[in-house]
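Asker: structure here, sequence nowhere to be found:
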């Protein structure tokens, strides 16, 4: 499973990067004089006397050692891609100007959206692009969140939740560079066989600050809680009260799928459009930087969200390409329709904000600047039955354990699950029986293999004795004294 963001594969192909479509050019013209993308963001710049003493923090270029490490990681991550092709389009040159246009457009959309919300007016129907509610946690009780957003499955951004987190200090760039996490080896990708590729944090940060890749590697670690030093990241944040009622907590950590990730995203990195697994919802807390989000309502077809038919020659599925070139064309096509059925929402997530993404919503994310964040998937009571149906089909062993835990700790939900199984004709007993048979087979194989090993050891011993006899090296007889 993945979180509310999922690292996209790094593919490259030829073509003209300038083919962004007329919509992109118009958006840039609208915002001449717009502030830089990283305007008013603290924590992602180095402002420390330690920088002069630390070669990784104080470097004004990518160190040779770091380049070697990252080149090796790139080769393993995408073995079919030549190193020189990671930055072949020099996307970094046009990226800032292009994204400034999109950021200004999205902020205008959300400003209008919030005017309707504050005035208590109904949102316009049939919009090409809508905004996302933004509310401070002091103005939103847990009960109101459940009724207004969780049950109807509507995204929302909640502000102020991270103000008291230790992460506000410990996840600043200079602290990550020089603090206790600097030598931690964190996941930045997978090789062709699915094994994790890990890099020391200080190497990755030096790479992040000086790379010019079209779509950089993305630090996206889900096992940080399993190691002594990295697990201290858990102390730097807390699960917001709106998401603490996670029914997956009834299952052991070993049994439940991966559900939390520590993220460091270089500028231009991101994730392609996807739905989170098992119909789970997610929250994403952005500590530093800015993220651009695109969401489409549940039921949207994958090919329409990803804009397969709208891609031009040479354009890949990377987040930077998708947001810069494909999304404007999707919006243009949507504007031509009489009924706009994608239900697109766009929003810029600012530092310190937490976004709630309900299960079933396609979402794609672009790191507009360098970012540091944490995200978790969870199972809320309001979405239990929908998630249960996905779990019993996709993770049968987990479903058996979960159903047993529900019987003990959540009897009402256990009854609801059993009722859903009966209505759907789903036989959990057959799954349990199959599981027992597989367990017996494993035990039988284990016993037979151990017997074979004993027989094999016995044969080896006999052979050794035969060889000793043939070579005349018999064991000396012990003298018996009377």
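Answerer: Structure's in. What do you need? Keep in mind that what you see is a predicted model, and the values were worked out from it rather than measured.

Asker: contacting residues for residue 163?
Answerer: By C-beta atoms under 8 Å, 6 or more residues apart in numbering, the residues touching residue 163 are residue 352. In short, each C-beta sits where N, CA and C put it, glycine included.

Asker: how far away is it from residue 228?
Answerer: 28 Å (C-beta to C-beta, to the nearest Å).

Asker: what's the burial count for residue 69?
Answerer: Here the count is done by other C-beta atoms under 10 Å, and residue 69 has 17 residues near it.

Asker: not counting residues beside it along the chain, what's closest to it?
Answerer: The spatial neighbour of residue 69 that comes closest, neighbours along the chain excluded (C-beta to C-beta, 6 or more residues apart in numbering), is residue 203 at 5.1 Å.

Asker: tell me how many other residues surround that neighbour.
Answerer: 23.

Asker: does it lie in a helix or a strand, and which?
Answerer: Residue 203 is part of helix 201-210, with elements assigned from DSSP states H and E.

Asker: next secondary structure after that helix?
Answerer: strand 219-221.

Asker: close enough to count as contact, residue 185 and residue 202?
Answerer: No - using C-beta atoms under 8 Å, residue 185 makes no contact with residue 202, being 10.5 Å away.

Asker: what about the two, which has more around it?
Answerer: Neighbour count, other C-beta under 10 Å: between residue 185 and residue 202, residue 202 has more, with 21 against 16.

Asker: what's next to the host helix or strand of residue 414, contact-wise?
Answerer: Per DSSP H and E, residue 414 falls inside helix 411-424. Here helix 411-424 makes contact (C-beta under 8 Å, 6+ apart) with 247, 381, 384-385, 388-389, 392, 403, 406-407, 426-428.

Asker: next: stretch 383-391.
Answerer: 150, 153, 247, 277-281, 358-360, 379, 398-399, 402, 413, 416-417, 420, 424.

Asker: show the buried residues in these.
Answerer: For the contacts of stretch 383-391, a burial check counting by 16 or more other C-beta atoms under 10 Å picks out 150, 153, 247, 277-281, 358-360, 379, 398-399, 402, 413, 417, 420.

Asker: helices - which of these land there?
Answerer: Assigned to helices by DSSP state H, the following of those qualify: 398, 399, 402, 413, 417, 420.

Asker: mind checking how far the first one is from residue 421?
Answerer: Residue 398 sits 15 Å away from residue 421, taking C-beta to C-beta as the criterion.

Asker: what does residue 254 give?
Answerer: According to C-beta to C-beta, residue 254 stands 25 Å off from residue 421.

Asker: quick one, which of these two is more surrounded?
Answerer: Ranked by neighbour count (other C-beta under 10 Å), residue 254 and residue 421 place residue 421 first, with 18 against 5.

Asker: need the pLDDT of that one.
Answerer: pLDDT, residue 421: 94.

Asker: and it, how far from residue 394?
Answerer: 15 Å.

Asker: surely residue 359 is in contact with residue 281?
Answerer: Yes - with contacts counted by C-beta under 8 Å, residue 359 reaches residue 281, the gap being 4.7 Å.

Asker: the stretch 251-400 of the chain: helices as residue ranges?
Answerer: Using DSSP state H, counting those that start in this stretch, the helices found in the stretch 251-400 of the chain span residues 302-306, 319-321, 327-336, 384-394, 396-409.

Asker: between those helices, which one is nearest to residue 347?
Answerer: Ranking these by their distance to residue 347 (criterion: C-beta to C-beta) puts helix 327-336 first, at 13.3 Å.

Asker: which parts of the closest one are buried?
Answerer: If you call a residue buried by 16+ other C-beta under 10 Å, then helix 327-336 has these buried ones: 327, 328, 329, 330, 331, 333, 334.

Asker: ok, the first one - contacts?
Answerer: Residues in contact with residue 327 (C-beta under 8 Å, 6+ apart) are 294, 307.

Asker: do you know how far it is from residue 359?
Answerer: Distance from residue 327 to residue 359, counting by C-beta to C-beta: 23 Å.
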